[in-house]
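**Student:** I'd like to go over a predicted model; first the sequence, then the structure.
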Amino acid sequence: MNITVRHKGDLSTEFILRERSFSIDSELHGPGLFTKISSENQIISIRKKEGISDTEQAIKEHAWIVEDIKKLILAENLGEYIKRTCELIERKRFNEALFLTREVRFFHPDDPYMMCLDGYLTALIEKKYRDGINLCIEALNIYTRKAGIGREFFLPFFYLHLGRTYLLSGNKRLAVDCFFKILKIDNDNKEAIKELACLGIRQQPVLPFLKRNNPLNKYLGLLRARLSGKRSKNKYQ
């Protein structure tokens, strides 16, 4: 992939990719650095770095961002971006997460993981529920078409965010359906169990024709949890 990099100043850099140019411009504001990434006067992303108060630090941070964007373009670190976005969501820094997601999707619009996160954040922040749901569904479809053997391992990621997006739209029934699909793949998935618990819904007993507090159901439930825990552990070994 042919990338041309032009340094217009210590805190200003221009990239040219496939005859399309975009700029990375940083500016010191108090004890922080604001970096605007844009293309054809349209903002792609805004990054903010606290604790930078002098020009030397700012130049170093700007150079790091330039290299980070270059790696992103070359798809060297998409997994790191997914992880970073999920961490921002977990810390409830939703606007930063959305900017980061849109930044990645500018260069990789069909990446299913970032598309799924974009759908969830579109519903959460912009209240565009239908758009968010459609993005999550499209991401799931892209993943299932492209993924090969072992694709079930990552399906919970897509069902989780689709379910959460359905919840934001007020569609509890379809959300619950997504969370139960996760449990069919991973019986001990903590995120799905947590979402269902918040909705006041528990997993079905192992033997649905017996009461939940039946000793046999209790025993089989403990056994199911123990076995699914071992399966989950083995996945990461």
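**Tutor:** It's in.
**Student:** Once you drop chain neighbours, what's closest to Leu140?
**Tutor:** Once flanking residues are discounted, Leu140 sits nearest to Phe158: 4.4 Å by CB to CB, 6 or more residues apart in numbering. Every residue, glycine included, has its C-beta placed from N, CA and C.
**Student:** where's the residue sitting nearest the centre point of the chain, which helix or strand?
**Tutor:** The centroid of the chain falls nearest to Leu117 when counting by CA atoms, centre = their mean (3.9 Å). If you go by DSSP states H and E, Leu117 is part of helix 112-126.
**Student:** which other helices and strands contact that helix?
**Tutor:** Applying 3 or more CB pairs under 8 Å, 6 or more residues apart in numbering; DSSP states H and E, one finds that helix 112-126 makes contact with helix 78-90, helix 94-107, helix 129-146, helix 155-169.
**Student:** picking that back up, what about the residue nearest to the centre of the chain, distance to Ser45?
**Tutor:** 14 Å (CB to CB, to the nearest Å).
**Student:** tell me the contacts of the closest residue to Gly163 other than its chain neighbours?
**Tutor:** Spatial nearest neighbour of Gly163, excluding adjacent residues (CB to CB, 6+ apart): Cys178 at 3.2 Å. Applying CB atoms under 8 Å, 6 or more residues apart in numbering, we find Cys178 in contact with 159-160, 162-163, 166.
**Student:** Identify, from those residues, the entry nearest to Phe106.
**Tutor:** Nearest to Phe106 among the contacts of Cys178: Leu162, at 22.8 Å, using CB to CB.
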